[in-house]
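>>> based on what follows, work out the 3D shape:
(2 chains)
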Amino acid sequence: MTPDEQRIIQARQRARSRVTGVILFALAVLFFAVALAKMMGG
Amino acid sequence: MSILTSEKAASSVPLPADWRDLVALTKPRVMTLVVFTGLCGLLAAPGHLSPVLAFTAILCIALGAGGAAALNQWYEADRDAKMKRTANRPLPAGRMTRQGALHFGVGISVFSVLLMGVATNWFAAAILAISILFYVFIYTIWLKPRTAQNIVIGGAAGAFPPLIGWAAVTGNVAALPIALFMLIFFWTPPHFWALALFVRMDYANAGIPMLPVVAGEAVTRRQILFYTSIMAVAALAPVLLRLTGLIYGVTALVATGIFAVMAVQVALSREVDPARMKPERRLFKYSVLYLFLLFGAVVVDHWVFAS
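Predicted coordinates:
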């Protein structure tokens, strides 16, 4: 693996980690909101 | 995208897919129409759904459509590579692995159905599951590579969203969402065949038996007109059956009239050079706007006459 390839792979892994983190946080908020909405009768 | 392609071409090791390619795998442009028709089905339904649950239902419809699109591209990667229109998609361009696309597609499809069931009801979740399975197995795998009638029957897959949106609120289906299902069902052939006329060679090169490839352009033009006439009946049915009011009626009458004029222009054209097929391109573009207009009118009509 060349240094360039390593750099590209690491950059993509970082970007995917950031996006995954944002999605997981958004899902946690969504599940909480859905649970509240269901408890209040939908 | 070109930078990513060149990175891939220059690389000796498989690169992890960029997150933008995962988004591209869901066909976001097609998803827009799916989400809009699903939202209209939801907004036109009687009853109340909390904004959070309504948002979740639409998110599930979007994720389900995205999952089905990813599975479609997973299955068709080889064919997509042969078509100019699709050659730069993530799989044919080599920007991600087929297995990655399969896992992503199955993952968000299953998640969308489960979340729909938990957040709204399992009837809506079942229709969502049927629409995904129909698109992948009936349309993509069975019909599309085998018959020129692929999009006539396969069009049903894209017609489910208003039913799902309605079912998410009410837990059942009624005459209006079924009428909207029929509208999209009969709208699909003229919409896709208008496109197929000017990208005919692409489909021919990929070995996909679209109607212009198998039966020729003259037959396709007549079929566009035929299905437009059935679509017109489906478009006017909601107002004739008193399921909607005057706002939808007038919108449907005018918009369908314009659609019919464009379909006649396509039917009368003898143009064989795709670069000069202006009426076909016009009809294709207008058909998208047409669906937005009619579904928007259903919602406005419901709000005005329900209040």
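
>>> and the residue of the stretch 51-200 of chain B that's closest to chain A?
In the stretch 51-200 of chain B, the residue that lies nearest chain A is B:Val52 (4.2 Å; C-beta to the nearest C-beta). Yep, even glycine has a C-beta here, placed from its N, CA and C like the rest.

>>> other SSEs contacting the helix or strand hosting that residue?
For B:Val52, the host element (DSSP states H and E) is helix B:51-75. With contacts taken as 3 or more C-beta pairs under 8 Å, 6 or more residues apart in numbering or on different chains; DSSP states H and E, helix B:51-75 sits against helix A:3-39, helix B:28-44, helix B:98-119, helix B:122-133, helix B:161-170.

>>> quick one: the helices in the stretch 201-307 of chain B, in order.
Residue ranges of the helices in the stretch 201-307 of chain B, as given by DSSP state H, counting those that start in this stretch, are B:211-214, B:217-240, B:246-268, B:278-306.

>>> for the last one, the distance to its chain's centre please.
In terms of C-alpha atoms, centre = their mean, to the nearest Å, the gap separating the centre of helix B:278-306 from the centre of its chain is 14 Å.

>>> report the angle between it and helix B:217-240.
Angle, helix B:278-306 to helix B:217-240, by axes from the mean of the first three to the mean of the last three C-alpha atoms, to 10 degrees: 10 degrees.

>>> who are the packing partners of helix B:278-306?
Helices and strands touching helix B:278-306, by 3+ C-beta pairs under 8 Å, 6+ apart, are helix B:28-44, helix B:175-198, helix B:217-240, helix B:246-268.

>>> residues of the shortest one that come out buried?
In other words, helix B:28-44. For helix B:28-44, burial by neighbour count (16 or more other C-beta atoms under 10 Å in any protein chain shown) applies to B:31, B:33-44.

>>> can I get that helix as CSV, trimmed to CA atoms?
Output in CSV follows, covering the C-alpha atoms of helix B:28-44 (Å, rounded to 0.1, in the frame of the first residue of the first chain):
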residue,chain,number,x,y,z
PRO,B,28,-31.9,10.2,-3.9
ARG,B,29,-33.6,11.8,-7.0
VAL,B,30,-36.1,9.0,-7.4
MET,B,31,-36.6,9.0,-3.7
THR,B,32,-37.9,12.6,-3.8
LEU,B,33,-41.0,11.5,-5.7
VAL,B,34,-41.5,8.5,-3.5
VAL,B,35,-41.3,10.6,-0.3
PHE,B,36,-43.6,13.2,-1.7
THR,B,37,-46.3,10.8,-2.8
GLY,B,38,-46.0,9.0,0.6
LEU,B,39,-46.2,12.3,2.4
CYS,B,40,-49.3,13.3,0.4
GLY,B,41,-51.0,9.9,1.3
LEU,B,42,-50.2,10.6,4.9
LEU,B,43,-51.5,14.2,4.9
ALA,B,44,-54.7,13.4,3.0
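
>>> counting by contacts, list what it packs against.
helix B:51-75, helix B:161-170, helix B:175-198, helix B:278-306.

>>> dump the ones you listed into a markdown table; add mean pLDDT and mean neighbour count as well.
Converted to a markdown table, the helices and strands packed on helix B:28-44 look like this (pLDDT from 0 to 100; neighbours: other C-beta atoms under 10 Å in any protein chain shown):
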| stretch | mean pLDDT | mean neighbour count |
| --- | --- | --- |
| helix B:51-75 | 97 | 24 |
| helix B:161-170 | 97 | 28 |
| helix B:175-198 | 96 | 23 |
| helix B:278-306 | 94 | 19 |
